[in-house]
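Q: Have a look at this prediction, sequence included:
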Amino acid sequence: MPTFTLTDVARDLWVDHFAIGTEVFGAPRKVPWSVTKKTLRGGRRDGVDLIQVDNGALSFSVLPTRGMGIWKGRFRGDTLGWESPVRDGPVHPSFVNLMNGGGIGWLDGFDELLVRCGLENNGAPYEVKTIKPDGSEGHATFGLHGKIANIPASFVAVRIETDPEESITIEGHVDEARLFSGQVRMATAITTTPGSNRVSVRDRFLNLGDSPAEMQVLYHWNFGAPHLEEGARLLAPIRTIVPRDARAGEGLDRYDVYEAPTPGFAEQAYFFELHASPRDDRTLAMLRNRAGDKAVVLRFDGRRLPAFTLWKNTGGSRSGYVTGLEPATNYPNPRPFEQARGRVVTLPPDGTYEVETILEVLNDEESVATVEAEIRDLQSRGIPTIHRKPVEPFAPEG
Amino acid sequence: MPTFTLTDVARDLWVDHFAIGTEVFGAPRKVPWSVTKKTLRGGRRDGVDLIQVDNGALSFSVLPTRGMGIWKGRFRGDTLGWESPVRDGPVHPSFVNLMNGGGIGWLDGFDELLVRCGLENNGAPYEVKTIKPDGSEGHATFGLHGKIANIPASFVAVRIETDPEESITIEGHVDEARLFSGQVRMATAITTTPGSNRVSVRDRFLNLGDSPAEMQVLYHWNFGAPHLEEGARLLAPIRTIVPRDARAGEGLDRYDVYEAPTPGFAEQAYFFELHASPRDDRTLAMLRNRAGDKAVVLRFDGRRLPAFTLWKNTGGSRSGYVTGLEPATNYPNPRPFEQARGRVVTLPPDGTYEVETILEVLNDEESVATVEAEIRDLQSRGIPTIHRKPVEPFAPEG
Amino acid sequence: MPTFTLTDVARDLWVDHFAIGTEVFGAPRKVPWSVTKKTLRGGRRDGVDLIQVDNGALSFSVLPTRGMGIWKGRFRGDTLGWESPVRDGPVHPSFVNLMNGGGIGWLDGFDELLVRCGLENNGAPYEVKTIKPDGSEGHATFGLHGKIANIPASFVAVRIETDPEESITIEGHVDEARLFSGQVRMATAITTTPGSNRVSVRDRFLNLGDSPAEMQVLYHWNFGAPHLEEGARLLAPIRTIVPRDARAGEGLDRYDVYEAPTPGFAEQAYFFELHASPRDDRTLAMLRNRAGDKAVVLRFDGRRLPAFTLWKNTGGSRSGYVTGLEPATNYPNPRPFEQARGRVVTLPPDGTYEVETILEVLNDEESVATVEAEIRDLQSRGIPTIHRKPVEPFAPEG
């Protein structure tokens, strides 16, 4: 099981180009796969490292320079991800000023299939007012969705396993650490198996410091066509649903159904509690197309990622027709709100928090129906509690 | 008419070095010209792409990394541009924090002959206060002169025409686009003809989104010696002149005459309406030296760029002795002010707005006198209305 | 005495790799030394130029990309510097947003042995509220410790002297200059002698503009193990000591003694006036280990750097166990406070301000005892005035 290190700042190691594939093992493999790495040049992507993984059926690209996010993917001809108004990405963090526009500069780089939000904060930007010793005021802005997506990985490696089963893993470390602040390392392992329809994202958050560290993480998985379309639906085993605000409340009766691209559509977000398997705490959510022959499924631990947010942003097709399925430690409210409601993770020194999200891509009716049945089964654990307005402790009551 | 693409992120294409010149066409040409491209290294210019165009008489450099601005120029021995206190430019956008100092970080990179200001906003920085759902306040700063000058081009090409006439064009696309915001592409064509004294900057602004997009653009053309000097003058066919503020009011009687470099001089800005040709709406403004044997002329469409600003900043020679001639869609007031007075362009989906500014460089008395006559002729369409104080709708009445 | 220019943006010169050593002079030298330069790749260090100097006994690295700071050092097996929570440095300025968190983004890159703070401001971040012509408010934040550490040098050279004595000097120019602002060039010469235990940092601040320029500079020298440890002590010839705030007041009785690493320890800062030699105005401060057989000594001009700050931050060993010895033109209060008390340097046009700080590293009892005696001798010029609370004009009275 060879491991190829592509970046390791501790050893002053960085690899410009890298390529590996099935053939390295000499013998013919069941499924041809490949991993390549290059550095993009030009425009706002100048200097972005890109790792492309193709397992023979499912392909995706990982962005070490953007916090080990997953840029785009493809499964047997179907696109995974969305068409962002950011057309020239992936965008190098040096072109993203998180403080722009009152803390929404994060949007300047937002075009990924998976972007993690955190770790100091995620969700809406917020401002903290302080009074300085000399009596003057200060205003600290905490930007939309935090910093982790714009921090380059300090360590990147490709690990190939052959025993008992072939697998391809992209590993990376992203540190959100500085003096007078939390010091949390995210060690990710993004794994797929040749020929499979799955990629798993396993993140281990480690407190590198000597004091307790607080963190939040939200997995902002984003999908457009062909999985998102008019009549596409969200399916999940719902325990509770709460509209984020009055705007979301307007769409509550059709929270699970998607509109066609609608220029000028104002986003709607819903907060959920989901039922999970009593056996292993695992739960899932599925976005399926209208015909029910294509779907993307997210599988995750309902205990470690207890807050699930659905983001419906079915604007015009060129302005970002997209939906976000977002398993998280918390709801994307300003952190002080979440903190007061106990939805911030505290890591003791050397403490870890491990979470896994699995993306599964389906492209036939039978497999979609099977997952639907799986969701129905979990749903049978209880009927959903439906709140028609934002309610505590989920969202500020408007 | 070959076109050489130097950057195209859509095709993952980027060219490190490029050079082309007269000789490529085999036969001897009337005037030797050349175009070269390189990437600068070191200091704050590290990573900046620079395209140098020499038409045989007029030379200038284009900055794809800085929004396709024009850095410096030269015409038959005369410098075009100014000596900025930014001595180590061109400055890579990653070293420009637009949010510095309450939104004036833009100045950290300001050293160009032509820098475009926009597109979401231009002019003075302003702050918008918002109240969040949880009752907290937010403050969003919109920085001085907007973002466009610090966005790298996603597409860059060199186009050489030979028929009917030789011409050299640098093309570039700069997108100011993200989710929840306008999505405007600026497609520029910067063209010159071998041996000529002209360069034209033709910009086409295209709304890539599904909803109407608003934009502003101001062409901040900046000149120092030898065109700016004590006794140099501005000439333009003036319909209206308004001082921006009380400080500009102090200099109103000599608005068109320049002082010698004066350390500590506080800037003065004047807002104009100009007369334009009834035939084609075109108008012009000229900065000529004291002797009247050197001048720079800007020619532009008075209908599409109806707001002309003169910026007089005749500080000390080492602190920025410069004047700006600034044709624009609007005056450089905070955008909310301009918006309320109808000076923001709205582009429908797929809508475009095309503007051209031509820089013409003169270096003999006769050609200067000819343009003076041209301006006098337009001036004969009406005598100027002179406001001695800031007045609506041009500027906040102080 | 050859000089090797590594960066000179004025001549569009930049050297990718460079190495020189004893052998270039043909004859065998007393002590083998070397200077190498490379550009780091990967992670947050991508693009950082690093110059490594080894004088045969003392080695250190200089960061042209980070304002000519000194990253790390080593003397005969002892580390110089500290273990920052920033584990993946040196951090490229494009990954440091000085405006983050209300102006404390500087901490994202803070891991150096020597980082200069200034020049427009240093010390705590502060906010200035302004009222705009249109009646709206603006808030300008001036970030912690200013910008100089995140500005790449526009000129870098290596100078080797052989007569009368061998010496190695790294030269660099860092300009903090833009329109409507001070225009100050810092020209540094960082010098060591083969085999010596010293490095001198000589900075010349030059006003490049036509108007007077104001500046502040603080030399933030930072030390951890083995010089900092439980029972380590600060020694300096103290004229006055003032705790910065109530928290520092708590530790006043043991201001000169260090604790063991203490997770959760809240920083303490003390402001000093020191006695200086009446002959040459020079003074010094020493950090020695408990046993008194290792020490670092800073020697500097007590007239040009009249404000000395001791920063005690003996937090957990992984969260930044560090002390700062900080000779400066001022105390690290917000600039308006310092300005009102006359602790801002004003440079006339072409005016200069030259300061030197020498780091001396000791590794035996005898040399430590000798410097202790030297400090005692200066202390005999007067007994310390000890303030138990923050007092004017040193700090805001709390």
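A: Looks like it came in fine. Numbers count the residues shown, from 1 in each chain, chains lettered A, B, ... in the order given.

Q: Can you classify residue A:139 as helix, strand or coil?
A: For residue A:139, the secondary structure call by DSSP: H, G, I helix; E, B strand; the rest coil comes out as strand.

Q: Would you agree it is in contact with residue C:129?
A: No. Counting by C-beta atoms under 8 Å, residue A:139 stays clear of residue C:129, with 9.9 Å between them. Every C-beta, even on glycine, is put in place using the N, C-alpha and C of the backbone.

Q: if I look at these two, which residues touch both of them?
A: Counting by C-beta atoms under 8 Å, 6 or more residues apart in numbering or on different chains, the common neighbours of residue A:139 and residue C:129 are residue C:139.

Q: neighbour-wise, which of the two wins?
A: Set residue A:139 next to residue C:129 and count neighbours by other C-beta atoms under 10 Å in any protein chain shown: residue A:139 wins out with 17 against 12.

Q: which residues touch that one?
A: By C-beta under 8 Å, 6+ apart, the contact list for residue A:139 reads A:127-130, B:139, C:102, C:127, C:139, C:141.

Q: Up against chain C, what does the stretch 251-398 of chain A have?
A: Residues of the stretch 251-398 of chain A lying close to chain C (C-beta under 8 Å from any C-beta of the partner chain) are residue A:349.

Q: Give me the most central residue, chain A.
A: Geometric centre of chain A, nearest residue: residue A:219, 2.9 Å, by C-alpha atoms, centre = their mean.

Q: ok so, going back, sort the contacts of residue A:139 by pLDDT and name the bottom one.
A: Least confident by pLDDT among those: that is residue A:130, with 86.

Q: That residue - that's part of a strand, no?
A: Yes. Residue A:130 sits within a strand when classified using three-state DSSP.

Q: residues near it, how many?
A: For residue A:130, the number of neighbouring residues by other C-beta under 10 Å comes to 12.

Q: my guess is it meets residue A:138, correct?
A: Yes. Using C-beta under 8 Å, residue A:130 is in contact with residue A:138, at 4.5 Å.

Q: Find residues that contact each of the two.
A: With C-beta under 8 Å, 6+ apart, residue A:130 and residue A:138 have common neighbours residue C:102.

Q: what about stretch A:262-273, how long is it end to end?
A: With C-alpha to C-alpha, to the nearest Å as the measure, stretch A:262-273 spans 28 Å from end to end.

Q: now check it, is it near chain B?
A: Yes. Applying C-beta under 8 Å from any C-beta, one finds stretch A:262-273 in contact with chain B at A:263-264, A:267.

Q: so can I have CSV of the residues you listed showing pLDDT and secondary structure?
A: Converted to CSV, those look like this (pLDDT from 0 to 100; DSSP: H, G, I helix; E, B strand; the rest coil):
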residue, pLDDT, secondary structure
A:263, 95, coil
A:264, 92, coil
A:267, 97, coil
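
Q: tell me which strands and helices the host helix or strand of residue A:51 is in contact with?
A: Using DSSP states H and E, residue A:51 sits in strand A:49-54. Where contact means 3 or more C-beta pairs under 8 Å, 6 or more residues apart in numbering or on different chains; DSSP states H and E, strand A:49-54 is packed against strand A:3-8, strand A:34-39, strand A:58-63, strand A:155-161, strand A:167-177.

Q: rerun at 10 Å
A: strand A:3-8, strand A:18-21, strand A:34-39, strand A:58-63, strand A:69-75, strand A:155-161, strand A:167-177, strand A:183-192 (3 or more C-beta pairs under 10 Å, 6 or more residues apart in numbering or on different chains; DSSP states H and E).

Q: what separates that strand from the chain centre, distance-wise?
A: Centroid separation between strand A:49-54 and its chain, computed with C-alpha atoms, centre = their mean, to the nearest Å, is 17 Å.

Q: Can you flag the weakest of the helices and strands packed on strand A:49-54 by average pLDDT?
A: Lowest mean pLDDT of the helices and strands packed on strand A:49-54: strand A:18-21, a mean of 93.

Q: Is that strand positioned near chain B?
A: No. Figure legend: strand A:18-21 not in contact with chain B (C-beta under 10 Å from any C-beta of the partner chain); closest approach 15.5 Å.

Q: For that strand, buried residues please.
A: The neighbour-count check on strand A:18-21 (16 or more other C-beta atoms under 10 Å in any protein chain shown) flags A:18, A:20 as buried.

Q: Distance of residue A:389 relative to chain C?
A: 34 Å (C-beta to the nearest C-beta, to the nearest Å).

Q: Report how many residues lie close to residue A:12.
A: 12.

Q: Could you report the pLDDT at it?
A: The model's pLDDT for residue A:12 equals 94.

Q: What residues does it make contact with?
A: Contacts here follow C-beta atoms under 10 Å, 6 or more residues apart in numbering or on different chains; on that basis residue A:12 touches C:38, C:40-42, C:45, C:50.

Q: quick one, what contacts the residue of chain A most remote from its centre?
A: Relative to the centre of chain A, and counting by C-alpha atoms, centre = their mean, the farthest-placed residue is residue A:134 at 42.3 Å. Listed by C-beta under 10 Å, 6+ apart, the contact set of residue A:134 reads C:124, C:126, C:333-334, C:336-337, C:395-396, C:398.

Q: Okay, and it sits in which element?
A: For residue A:134, there is no helix or strand it lies in under DSSP H and E.

Q: From residue C:145, how far out is it?
A: Per C-beta to C-beta, to the nearest Å, residue A:134 is found 17 Å from residue C:145.

Q: again, but for residue A:394
A: To residue C:145, residue A:394 is 41 Å away according to C-beta to C-beta.

Q: cool, residue A:80 as well?
A: As judged by C-beta to C-beta, residue A:80 and residue C:145 stand 44 Å apart.

Q: Tell me which of those two has more neighbours.
A: residue C:145 (27 against 24).

Q: For chain C, what's its nearest residue on chain A.
A: Per C-beta to the nearest C-beta, residue A:210 is where chain A lies closest to chain C, at 2.3 Å.

Q: and that residue, what pLDDT?
A: So residue A:210 comes in at 95 (pLDDT).

Q: what do you get for residue A:398?
A: So residue A:398 comes in at 68 (pLDDT).

Q: So which of the contacts of residue A:12 wins on neighbours?
A: Among the contacts of residue A:12, residue C:42 has the most neighbours (other C-beta under 10 Å), with 26 neighbours.

Q: So for it, what's the nearest residue that isn't a sequence neighbour?
A: Once flanking residues are discounted, residue C:42 sits nearest to residue A:14: 3.4 Å by C-beta to C-beta, 6 or more residues apart in numbering or on different chains.

Q: Give me the pLDDT value at residue A:23.
A: pLDDT at residue A:23 comes out at 76.

Q: Then residue A:137?
A: Value listed for residue A:137 in the pLDDT field: 84.

Q: How about the contacts made by it?
A: Going by C-beta under 10 Å, 6+ apart, residue A:137 touches A:129-131, C:126-127, C:129, C:139.

Q: Same question for residue A:9.
A: With C-beta under 10 Å, 6+ apart, residue A:9 has these contacts: A:152-156, A:173, A:175, C:40-46, C:87-90.
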